[in-house]
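Engineer: Would you be able to build a 3D model of this:
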Amino acid sequence: MELIFGSFFVILIAAIGVTICGLLFRGLVFLATPYNEGDPSEPVRPVGKNACIVCIACIVVAIAVVLFSGFRKSRLEDQLISAATVGDTKTVERILNTGINVDATGSDDRRFTPLMSAACQGHTETVRALLRHHPYVNFTGGNGYTALSLARDNNHPDTARVLEDAGAQ
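Structural biologist: Below you'll find the model as predicted:
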């Protein structure tokens with residue numbers, strides 16, 4: 001959802017920028033383009049391909065920004081889930097400090113959040129680090145599991161207790 005709103009605003013700003021660039025460019029061309037042979041009854045030469053090229057370039061840049069921001073975000077989400085799965089608490093904290101969504105889900109069918117991945121493996125310290133960023137502790141993945149049920153099913157009582165203390169059910 002954040003990516004959709006972020007993309008919307010990037011495109012909106014780019015559209016405003018394109019409009020301003022087009023108006024400025026068109027105005028400069030009108031100011032710099034003299035009437036033909038000094039006859040004021042003849043119209044000013046129309047703005048040519050240059051204005052179109054400027055507008056197209058702005059649109060291409062806006063699209064590239066949107067695509068790159070989505071790609072970068074999905075890469076960070078995958079790195080966050082991987083770090084949580086292996087219990088790399090420092091990397092988890094570093095990635096979460098970028099402002100990434102703590103409840104990001106993996107791209108596979110399980111749809112595990114980082115909290116679920118860490119709980120499944122019994123990485124209690126990583127679970128604590130994730131809980132400091134206020135994830136939704138009762139999120140249910142694609143297979144019906146929650147972080148608490150994964151910790152219990154995989155025999156990680158310490159991790160399950162930390163999740164229960166955080167309000168997991």
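
Engineer: For the rest of this, base every contact and every neighbour count on C-alpha atoms.
Structural biologist: Will do.

Engineer: Tell me where the model's unsure across this structure.
Structural biologist: 1-15, 17-58, 60-73, 107-109 (pLDDT under 70).

Engineer: switch to 50 and redo it
Structural biologist: The chain contains residues with pLDDT under 50 at 1-5, 30-32, 35, 47, 71.

Engineer: Skipping adjacent residues, who's closest to residue 105 in space?
Structural biologist: Leaving aside its chain neighbours, residue 105 sits nearest to residue 113 (4.6 Å; criterion: Cα to Cα, 6 or more residues apart in numbering).

Engineer: What's the separation between that neighbour and residue 16?
Structural biologist: As judged by Cα to Cα, to the nearest Å, residue 113 and residue 16 stand 37 Å apart.

Engineer: repeat for residue 86
Structural biologist: Taking Cα to Cα, one finds residue 86 at 45 Å from residue 16.

Engineer: Please apply the same query to residue 145.
Structural biologist: Separation of residue 145 from residue 16 (Cα to Cα): 45 Å.

Engineer: who has more neighbours, those two?
Structural biologist: Neighbour count, other Cα atoms under 10 Å: between residue 145 and residue 16, residue 145 has more, with 19 against 12.

Engineer: In the protein, what residue spans correspond to helices?
Structural biologist: 2-32, 49-86, 89-96, 114-121, 124-131, 147-153, 157-165 (DSSP state H).

Engineer: you'd agree residue 121 is up against residue 85?
Structural biologist: Yes - using Cα atoms under 8 Å, residue 121 is in contact with residue 85, at 6.6 Å.

Engineer: ok, those two, which is more surrounded?
Structural biologist: Taking other Cα under 10 Å, residue 121 and residue 85 do not tie; residue 85 has more neighbours (24 against 18).

Engineer: Please report how far the closest residue to residue 116 other than its chain neighbours lies from residue 106.
Structural biologist: The shortest distance from residue 116 to any non-neighbouring residue, by Cα to Cα, 6+ apart, is to residue 147 (4.2 Å). Using Cα to Cα, residue 147 is found at 14 Å from residue 106.

Engineer: higher neighbour count, these two?
Structural biologist: Between residue 147 and residue 106, residue 147 has the larger neighbour count (other Cα under 10 Å), namely 29 against 20.

Engineer: For that one, give its distance to residue 16.
Structural biologist: Applying Cα to Cα to residue 147 and residue 16 gives a distance of 44 Å.

Engineer: Residue 91 now?
Structural biologist: Taken as Cα to Cα, the span from residue 91 to residue 16 is 38 Å.

Engineer: With that, I have no additional questions.
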